[in-house]
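Engineer: Sequence first, predicted coordinates after that:
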Amino acid sequence: MHSLSKSFGGLRAIRDVSLGIEEGERRAIIGPNGAGKTTLFNLISGFLFPSSGHIYLFGSDVTNLQAHQRAALGMARTFQVTNLFPALTLFENILLGVQAIKRARLCFYRPVRSFREIILEAERILKEWNLWEQREVLLKNLSHGEQRQIEVIMALATKPRLLLLDEPTAGLSSAETASVTSIIKGLPHEITTILIEHDMDVAFEIAENITVLHFGSILAEGSLEQIKKNPKVTEIYLG
């Protein structure tokens, strides 16, 4: 992204942000509440459009593309609040994730379960993640931590090249945090991963590089050691 800004009336939430992330990189975006982290994610993913500046995805300018168009290019995202279907079973949720990248998503005259390719792929994913025995459980009956894991797995079902994770461990217990962190760390490196994370232990464990936002601007960027030793970051965020 280049010279990205976003204003809401008189409030300038993102201020002239330029950020380059290498393919396969794992980058964490941190900062105090109100720093502009989620707004920046909404701009990257197409849920908001910038007031000025440009966004590039895999070498193409996607500034004016809608969220679903960016997703079709290989972008997937999770949200602060889980974005699942609580009244559907785990298997049905995974089916929807798989169907999203298939031509069958445009077919409204046949039930999705009639598409054998989609069924087999959903079964493979559930077995790979040791979730097969829970396939008929309603999502609303799973714990918050389990739902967080399912949201990441559903995003992965779309086979993304870029994965955006918005506070994936928010509200989780220590055990659940460890489980979600393990999933993210185990992702193949061909998936470029950007995460917003309030838990610094998680951010430092997953990320290779850190970007620190403050009042909508980039305060600092660098490796884990560079960020830990940065006096400005220590003063306003790390304590």
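Structural biologist: That came through, no problem.

Engineer: in the protein, which ranges drop under the pLDDT threshold?
Structural biologist: 81-82, 100-115, 238-239 (pLDDT under 70).

Engineer: same thing but 80
Structural biologist: 79-83, 99-116, 236-239 (pLDDT under 80).

Engineer: where do the helices sit along it?
Structural biologist: 37-45, 67-72, 90-99, 116-128, 144-157, 174-185, 200-206, 224-229, 231-233 (DSSP state H).

Engineer: would TSV of those helices with mean neighbour count be doable?
Structural biologist: C-betas here are computed from N, CA, C, even on glycine. Shown next, in TSV, are these (neighbours: other CB atoms under 10 Å):
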stretch	mean neighbour count
helix 37-45	23
helix 67-72	15
helix 90-99	22
helix 116-128	16
helix 144-157	20
helix 174-185	15
helix 200-206	18
helix 224-229	14
helix 231-233	13
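
Engineer: With distance to Ile218 as added columns, please give the ones you listed in JSON lines.
Structural biologist: Formatted as JSON lines, the helices of the chain follow (distance: least, CB to CB, whole Å):
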{"stretch": "helix 37-45", "distance to Ile218": "10"}
{"stretch": "helix 67-72", "distance to Ile218": "22"}
{"stretch": "helix 90-99", "distance to Ile218": "33"}
{"stretch": "helix 116-128", "distance to Ile218": "36"}
{"stretch": "helix 144-157", "distance to Ile218": "26"}
{"stretch": "helix 174-185", "distance to Ile218": "23"}
{"stretch": "helix 200-206", "distance to Ile218": "16"}
{"stretch": "helix 224-229", "distance to Ile218": "12"}
{"stretch": "helix 231-233", "distance to Ile218": "11"}
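
Engineer: Gln134: which of those is closest?
Structural biologist: Across these, Gln134 has its closest neighbour in helix 90-99 (5.4 Å, CB to CB).

Engineer: Contacts for the closest one, please.
Structural biologist: 84-85, 88, 105, 112-113, 115, 118-119, 121-122, 125-126, 131, 134-139, 142, 150, 153-155, 157-158 (CB atoms under 8 Å, 6 or more residues apart in numbering).

Engineer: and Lys232, what is it in contact with?
Structural biologist: Leu219, Ala220.

Engineer: For Ser3, find the nearest of the helices of the chain.
Structural biologist: Across the helices of the chain, closest to Ser3 is helix 37-45 (CB to CB), at 12.2 Å.

Engineer: Summarise which helices and strands the closest one is packed against.
Structural biologist: Here helix 37-45 touches strand 2-8, strand 11-17, strand 26-30, strand 75-77, strand 162-166, strand 192-196, going by 3 or more CB pairs under 8 Å, 6 or more residues apart in numbering; DSSP states H and E.

Engineer: residue contacts, Arg12?
Structural biologist: Arg12 neighbours (CB under 8 Å, 6+ apart): Ser5, Lys6, Gly216.
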